[in-house]
Each structure stands twice: as structure tokens, then as C-alpha cells.
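Engineer: pasting the sequence and the predicted model now:
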Amino acid sequence: MNVDEFDFELPESLIAQTPLLERTASRLLSLSKDSGAIGHHRFTELADMLQPGDTLVLNDTRVLPARLLGVKSDTGAKVELLLLKQIEGDRWETLAKPAKRLKLGAKLAFGDDGTGNPLLSAVVTGEGDMGSRVVEFQYEGIFQELLDRLGEMPLPPYIKERLNDRERYQTVYAKHEGSAAAPTAGLHFTQPFLDQLSAKGVNIAYVTLHVGLGTFRPMSVERVEEHTMHAEYYELSDSTASLLRQTKARGGRVVAVGTTSARTLETAAARFPSGDVQACSGWTDIFLFPGYSFKLVDALLTNFHLPKSTLVMLVSALAGRDHVMNAYREAIDKEYRFFSFGDAMFIY
């Protein structure tokens, strides 16, 4: 299967640059994975599409203010680090700019403590591909407090506008810090809307997947099957596993909110092929593309994704490539907003 089969022309004007004033004010395109039928709705109409006994699964990861702007200690040249994954202690995997100038042993400085010394220092201890660097930080105090003070939200490169309220790049239920990007399908929810769904009899469950390097890496292969996903850490609790088992036993639907939730659920399904899903955690590099048969996920709420991305391929695995490409063409024709701060899509 060729990567180019998942390409499409997207007008730049449809790339949402800022979040809507109200989280639930976005539009919602519905797509039947069986017939390909398309519907156009407001996001709040999702409440009419979910039924009592369905289980909505949300990713409760929290985005780190992981973008650090600093200088090389010896030359004063500007540098940027994007924290991707805590390896151990104060050692982190990062994306670095300009990476070619950050060789082993390079020393970096971030912020000023008021006496001319940096609040946060780092040294490059490892080099990887595509601009990745392993750095070890040195500091006094608490690292998370320094990161909150010095760091910026790691908005995707297609967003050019500055985000005034960093909480708008967090879901309202974000809990466990560790992501380098938001699980953006969840940005549409407010707590009152979740309460409304619960009152209807829709179960609310949570998983955690810390979004990492794979979000930022474009596919560099021609054949889909040759792509390797970057591993990301996930957790699925006892309470969520129990709710998933009950939902399936009673004939309800498991509705994943976002591709990260879907990947977590299908990772768990692969670990427990009998269907008796249990609590689990670890690292997943699962890659879902057409030809894959979903084991746990029955429906998916997601945003509109980049051309030729692994996310478009995951959506196509659930609904079929032709159905998805047709839905994307209609979304473009009707000027839906795309990507992180864009509109939503419900595949059922």
C-alpha cells in the first residue's frame, strides 16, 4: 500500500490557527464505517449519537510546557529543545533546533536567575536521527516548577498564531503529565458536556498515552507497511479494563476519543486476545492501517488529520480508505476546520 494513496489537497485557509471561544462550538461530521454515509452536525449533537451503555474512552495525559528556548553556553547562539520523553532522572530525549550545531558535549543555558547564571542548564549526551538529542539537565530546585516557568506549549508547526491561554491546549480532564502534544480530539469536551453524557447513561473511562516523537515525524517511506512507529508509554487501569469488559458483554459500544485512545485500546486488545482485557501498562508502537481488524474500538471521535499521516491511515483502517477520502473531500468542500484546533469527526 502506497503512502501517496492517503494524500489530498488541503487549502491552507482551513488549518485552524486558534481554538474556538467555546470548546463545544465546533462542527461534527459523522461517517458510517459500513455505508460511508456522511452527516453534518454541531459537536453537541454527539450526545444524540451515543447511547446508554456505550463507553467513551478518553486519554487523560497532560501536555508538558515542553518547548524550551535558550542559548549555547559558549557562543550565545539561539537553540530550541522540545522535550519528548524522560529517559531516567534528568536525562531526556528531545528534538533540537538547530540539531547540527548540538554535538556531544554541547552545553545549553535557559533563563536567568538574576545574577547572570542560567536557571536551567543542559549538556548533550547523545545524538539520534532526525534532530533528536539526549540531554541531561542541571538545576537547583524542582524541575517541573522550572519547566512551568521557562517552557512554552509545544504547538504543532502548522499553528502560526500564539496561544494566549496555554490551558486551551489541554483537555479539561488532563491529569498525568508527560505528553509532547495534546490528544486533540478531547479538546472539544467541557465538564458539563461530559456530565450530560453521564446523565444519559454513557460510561466515561480513561486511559493514558503520553504522546511523543511519532507525532512530529513525517513518514519517510513509500510503502505504508515499511513505516515504524515511535514507542509511547501507556497505562490502562483496573477500573477501565472492568468497564470495557462489561460494555462488550452487554452489547454496548467502545467509543475511542482520539487516535491515541484507539491505539491504547488496541494495544491492550493485542495483549489479551481472548477479549478478557486486564489492567496493563508499557510501551506501544502499534501502527493501525487498512487491513487491520479492530478488536476493542467500535467507534471513534477524532479531528481531521494531515495528508499522508499515520493518523489518516488509522482512521482509514476503521472506516475504509475510500469512505474516509470521500468524507475528507466533503469536509474540505464545506470548509471544516482542520487539525489540532479544528472540527471533529465521528466514525460509527
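Structural biologist: Everything's here; your move.
Engineer: which SS class is residue 243?
Structural biologist: Using DSSP: H, G, I helix; E, B strand; the rest coil, the structure places residue 243 in helix.
Engineer: so residue 71 sits in a strand?
Structural biologist: Yes: counting by three-state DSSP, residue 71 is found in a strand.
Engineer: the residue nearest the centre of the chain and residue 5, how far apart?
Structural biologist: Central residue of the chain (C-alpha atoms, centre = their mean): residue 183, 3.5 Å from the mean position. Taking C-beta to C-beta, to the nearest Å as the criterion, residue 183 is separated from residue 5 by 26 Å. Placement of C-beta: from N, CA and C, glycine included.
Engineer: surely the residue nearest to the centre of the chain meets residue 59?
Structural biologist: Yes: with contact defined as C-beta atoms under 8 Å, residue 183 reaches residue 59; the gap is 4.1 Å.
Engineer: mutual contacts of those two, please.
Structural biologist: Counting by C-beta atoms under 8 Å, 6 or more residues apart in numbering, the shared contacts of residue 183 and residue 59 are 171, 209, 257, 258, 260, 261.
Engineer: could you list the domains of the chain?
Structural biologist: 3-63+165-347, 67-150 (automatic domain parsing).
Engineer: how about those in CSV, adding mean pLDDT and distance to residue 157?
Structural biologist: CSV is the format used below for these (pLDDT from 0 to 100; distance: least, C-beta to C-beta, whole Å):
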stretch, mean pLDDT, distance to residue 157
domain 3-63+165-347, 96, 8
domain 67-150, 95, 10
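Engineer: can you say which of these is packed in most?
Structural biologist: Most buried of those, by mean neighbour count (mean count of other C-beta atoms under 10 Å): domain 3-63+165-347, with a mean of 18.
Engineer: could you pull up the residues touching residue 257?
Structural biologist: 56, 57, 58, 59, 183, 185, 186, 189, 301.
Engineer: look up how far residue 55 lies from it.
Structural biologist: 11 Å.
Engineer: state which strand of this protein is the longest.
Structural biologist: strand 78-88 (DSSP state E).
Engineer: downstream of that strand, the next helix or strand is which one?
Structural biologist: Scanning forward in sequence from strand 78-88 by DSSP states H and E, the next helix or strand is strand 91-97.
Engineer: picking up where we left off before, between the contacts of residue 257, which is closest to residue 98?
Structural biologist: residue 183 (29.3 Å; C-beta to C-beta).
Engineer: that closest one and residue 233: what is the separation?
Structural biologist: Taking C-beta to C-beta, one finds residue 183 at 14 Å from residue 233.
Engineer: common neighbours of these two, please.
Structural biologist: Common neighbours of residue 183 and residue 233 (C-beta under 8 Å, 6+ apart) are residue 209.
Engineer: give the contact list for residue 1.
Structural biologist: 223, 224, 225, 289, 290, 291 are the contacts of residue 1 under C-beta under 8 Å, 6+ apart.
Engineer: grab the nearest non-local neighbour of the fourth one.
Structural biologist: Spatially, and ignoring its direct neighbours in sequence, residue 289 is nearest to residue 313 (4.1 Å; C-beta to C-beta, 6 or more residues apart in numbering).
Engineer: contacts made by the strand or helix carrying that neighbour with the rest, please.
Structural biologist: Element membership for residue 313 (DSSP H and E) is helix 310-319. Defining contact as C-beta under 8 Å, 6+ apart, one finds that helix 310-319 is touched by 6, 31, 33, 36, 214, 219, 224, 227, 229, 259, 262-263, 287-292, 294, 297, 300, 302, 305-306, 324-325, 327-328, 345, 347.
Engineer: at 6 Å instead, please
Structural biologist: 6, 31, 33, 259, 288, 289, 290, 292, 300, 305, 324, 347 (C-beta atoms under 6 Å, 6 or more residues apart in numbering).
Engineer: same check, this time on stretch 65-83
Structural biologist: Contacts of stretch 65-83 (C-beta under 6 Å, 6+ apart): 64, 92, 94-97, 107-110, 147, 151-154, 180.
Engineer: need the distance between the two termini of that stretch.
Structural biologist: 9 Å (C-alpha to C-alpha, to the nearest Å).
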